[in-house]
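**Q** compute the structure for the input listed below.
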Amino acid sequence: MLIYGFHAVTAKLRHDPAAVKEIIIDQSRRDGRVRDLLAHAELQKVRVIAADAQRLDGMAPGARHQGVVARVEGGRKLARLDDVLDTLTEPAFLLLLDGVTDPRNLGACLRVADAAGVHVVIAPKDRAAGLTDAAAKTASGAAETVPYVMVTNLARTLRELRERDIQVIGAAGEADKDLYAADWPAATAWVFGAEGEGMRRLTREHCDQLVRIPMHGAVASLNVSVAAGVCLYEARRRRIGRD
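**A** A predicted model of the protein is given here:
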């Protein structure tokens, strides 16, 4: 399979170099980002091929490949939730996405999750974006660092998280509790639905509490990755305070 873009290719080189078979780079580029990538490739003994822009466009049609494409072996591996949770040495910090079907939104959420220190991102198999090339490109390398778990039954997964004493918090615009006034323990799972539709009814019913992000302007809602960033960083701030 192919991955493309500087962040995605560099992250693959750093975290799973054995899977990278070759890298194709636009021969007209001579900037610092190319030099850094070439240095990583040389360190990992990965073959680099210079090519013209037309060939790269043909390899990743319609994509913003930034002049770099890599052939990788095996594809991206999905994690198992129990494996992630059983190895944690600190209170769980999870992100669940319900109905997020746009791969670019998924990629943006992975990027936010990585930045905030989330342990795993979870989504249902039936209404979710897969870990596609577009998602990985938008994630800017986070697709290689944040475990992504797709579960058969999201409601059952939420019940299992609660049995592990992980509080499930859903973000909903109509919630009575303000994000900044609400209280929660250290171990949390944050749930976000797609913009517009929000969480499904059954997902909402399995939340321990609902919180809303205060909106002070004319718009009624935020993009899911932006909303996730607001809530996850507030949760991270409180985790730092507890530590």
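
**Q** all contacts plus neighbour counts: C-alpha atoms, from now on.
**A** OK.

**Q** quick check: which ranges of the chain have low pLDDT?
**A** Counting by pLDDT under 70, the chain has low-confidence residues at 74-78, 242-243.

**Q** which residue ranges of it form strands?
**A** Assigned by DSSP state E, the chain shows strands spanning 2-4, 20-26, 47-51, 68-72, 93-98, 120-124, 148-151, 167-171, 177-178, 188-193, 209-212.

**Q** reformat those as a markdown table; add mean neighbour count and distance to Met199.
**A** As requested, the strands of the chain are arranged in a markdown table below (neighbours: other Cα atoms under 10 Å; distance: least, Cα to Cα, whole Å):
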| stretch | mean neighbour count | distance to Met199 |
| --- | --- | --- |
| strand 2-4 | 22 | 31 |
| strand 20-26 | 20 | 38 |
| strand 47-51 | 15 | 45 |
| strand 68-72 | 23 | 35 |
| strand 93-98 | 24 | 6 |
| strand 120-124 | 24 | 12 |
| strand 148-151 | 20 | 16 |
| strand 167-171 | 24 | 8 |
| strand 177-178 | 17 | 17 |
| strand 188-193 | 24 | 4 |
| strand 209-212 | 20 | 11 |
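
**Q** now tabulate the ones you listed in JSON lines and tack on distance to Arg201.
**A** Supplementary listing: the strands of the chain in JSON lines, determined by distance: least, Cα to Cα, whole Å:
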{"stretch": "strand 2-4", "distance to Arg201": "36"}
{"stretch": "strand 20-26", "distance to Arg201": "42"}
{"stretch": "strand 47-51", "distance to Arg201": "50"}
{"stretch": "strand 68-72", "distance to Arg201": "40"}
{"stretch": "strand 93-98", "distance to Arg201": "11"}
{"stretch": "strand 120-124", "distance to Arg201": "14"}
{"stretch": "strand 148-151", "distance to Arg201": "18"}
{"stretch": "strand 167-171", "distance to Arg201": "11"}
{"stretch": "strand 177-178", "distance to Arg201": "18"}
{"stretch": "strand 188-193", "distance to Arg201": "11"}
{"stretch": "strand 209-212", "distance to Arg201": "12"}
